[in-house]
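J.: what's the 3D shape of this:
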Amino acid sequence: MRRLLAIIRRDAESSLRDFILLYGLLAPFLLALVMRAFLPLVGASTATVVVTSDLDPRLREGLAAYARVEVVASRNALDERVLAADDAVGVVQKDGNLRVVLEGNEPAEVADLPGIILGDILGRPGLELGARDLGRDASPVRPLMAILLAMTAMFIGGMFIGFNIIEDKETRAISALAVTPLSRAEYILGRGLMGLVLSMVLVLGGLYTFGVGGVDPWQLLAVAAVGGVLGVAFGFYIGSLAANQVAGIAATKVGGLFFILGPLLSALLPTGWHPVVWWLPTYWVYLALRDILTFGGIPWPTLGRELALSLLTSLGLVGLVWRPLRQKLSLRG
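T.: Residues are numbered from 1 along each chain as shown. Below is the predicted model:
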């Protein structure tokens, strides 16, 4: 146990010295903040209607039901706002008539929207408008972005292991370890535990920084643990194949494509084609995350089956490449 803790402590100190690893530790949190800032809610309308303060309050309330309404003090202020960089349109009332003020470069659907809404409010014949609550209070893209964030965090956790192994090779520390009582199993276990805990912290921390809520925390923890195992396997793949950081970056790019292949194909392919990617461990993690983040939670038997299939496919792939990786990951350097 003491030797395992020594490896974990050395990895932690190394991550604080290496800029790449330090940036990797912060990346999920920074990415979550950026995504959270720019991803709109479902209720956030992309259409902006500018009105003057003297517009009939009934019309103003009616417009607010369909678009974002901004109130300005004068017609000059309204013209300046319409001429701004976005696609805001204006509505003014003069001599009992309503007019739509346009810059001239708005999309057709934006330019036509105020007139359609006003026609519905005033009860004039034309296009009938209706509204229906789909039961969503967040963007439908939000769960997908959260999944990509979680998968990135798992990826970074594995990269942490791989580059620490590479550092041991470059500094010849791995050769020095060969003459100590530390066994290869203890070396792998120490690296693996550090990578697993780090991956889970990055996944959970990144998701909660992103603003994920209303989900079963225990199910999310279970998925983070299985995803951490995938990250650990990926880290040993990098550390085993690469002899230096340049080769490690190349291995990361190739392995990263494989890591993201399951989620990417799952999102692009029709459901009937999903059996094609059943052999990818990341497919099952993606499926579990999608169900949890979309519905807030799923039955434990369903989640258990998805996570078990992820672990089984992971073990199958590791088994296929275990012999060459075992030879390359030698404490003799």
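
J.: How about residues contacting stretch 251-259?
T.: With CB atoms under 8 Å, 6 or more residues apart in numbering as the test, stretch 251-259 has contacts from 151, 154-155, 159, 162, 230, 234, 237-238, 241-242, 280, 282. Quick note: C-beta positions are derived from backbone N, CA and C, even for glycine.

J.: Turn the residues you listed into TSV, columns for pLDDT and distance to Gly205.
T.: Output for the contacts of stretch 251-259, formatted as TSV (pLDDT from 0 to 100; distance: CB to CB, whole Å):
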residue	pLDDT	distance to Gly205
Met151	87	15
Met154	88	12
Phe155	85	15
Met159	83	16
Gly162	82	21
Leu230	87	18
Phe234	84	19
Tyr237	82	24
Ile238	83	22
Leu241	79	29
Ala242	79	27
Leu280	85	25
Thr282	88	20
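
J.: Farthest-apart pair in those residues, please.
T.: Ala242 and Leu280 (22.5 Å; CB to CB).

J.: now the strands for the stretch 51-200 of the chain?
T.: Assigned by DSSP state E, counting those that start in this stretch, the stretch 51-200 of the chain shows strands spanning 68-72, 89-94, 97-101.

J.: Please identify which of those strands is closest to Thr180.
T.: It's strand 68-72; of the strands of the stretch 51-200 of the chain, that one is closest to Thr180 (CB to CB) at 65.5 Å.

J.: Tell me which strands the closest one pairs with, and in which orientation.
T.: Strand pairing for strand 68-72, determined by DSSP bridges: strand 48-52 (parallel).

J.: how distant is the partner strand from the center of its chain?
T.: 35 Å (CA atoms, centre = their mean, to the nearest Å).

J.: What mean pLDDT does it get?
T.: For strand 48-52, mean pLDDT rounds to 88.

J.: Ok, stretch 98-107 next?
T.: If you average the pLDDT over stretch 98-107, you get 82.

J.: From start to finish, how long is it in a straight line?
T.: Using CA to CA, to the nearest Å, one end of stretch 98-107 lies 21 Å from the other.

J.: List the buried residues for it?
T.: 98, 100-101, 103, 106 (16 or more other CB atoms under 10 Å).

J.: if I pick Phe29, what's in contact with it?
T.: Per CB under 8 Å, 6+ apart, neighbours of Phe29: 205-206, 209.

J.: What helix or strand is it located in?
T.: Per DSSP states H and E: Phe29 is located in helix 19-38.

J.: so where is the stretch 201-333 of the chain shaky, pLDDT-wise?
T.: Confidence mapping of the stretch 201-333 of the chain against pLDDT under 70 gives the ranges 321, 324-333.

J.: Do you have the strands of it handy? List them.
T.: Under DSSP E, counting those that start in this stretch, the stretch 201-333 of the chain gives no strands.

J.: how about the helices in it?
T.: Taking DSSP state H, counting those that start in this stretch as the criterion, the stretch 201-333 of the chain carries its helices at 217-241, 245-268, 281-295, 300-328.

J.: Select, out of those helices, the one closest to Ala37.
T.: The closest of those to Ala37 is helix 281-295. By CB to CB, the value is 19.0 Å.

J.: Who are the packing partners of that closest one?
T.: helix 142-170, helix 217-241, helix 245-268, helix 300-328 (3 or more CB pairs under 8 Å, 6 or more residues apart in numbering; DSSP states H and E).

J.: before we move on, the earlier item: wait, which of the helices of the stretch 201-333 of the chain is closest to Ala73?
T.: That would be helix 281-295 among the helices of the stretch 201-333 of the chain, by CB to CB, at 43.8 Å.

J.: which one of the contacts of Phe29 sits closest to Gln93?
T.: Thr209 (45.7 Å).

J.: Look up the closest residue to that closest one, ignoring the ones flanking it.
T.: Ala32 (3.9 Å; CB to CB, 6 or more residues apart in numbering).

J.: Count the neighbours of the one you found for me.
T.: Neighbour count for Ala32, taken as other CB atoms under 10 Å: 24.

J.: close enough to count as contact, Val100 and Val82?
T.: No - if you go by CB atoms under 8 Å, Val100 and Val82 don't touch, sitting 9.9 Å apart.

J.: ok, back up a step: of the contacts of Phe29, which is the most crowded?
T.: The most crowded member of those, judged by other CB under 10 Å, is Gly206 (26 neighbours).

J.: Quick check, that one in contact with Met151.
T.: No - taking contacts as CB under 8 Å, Gly206 lies outside contact range of Met151: 10.2 Å.
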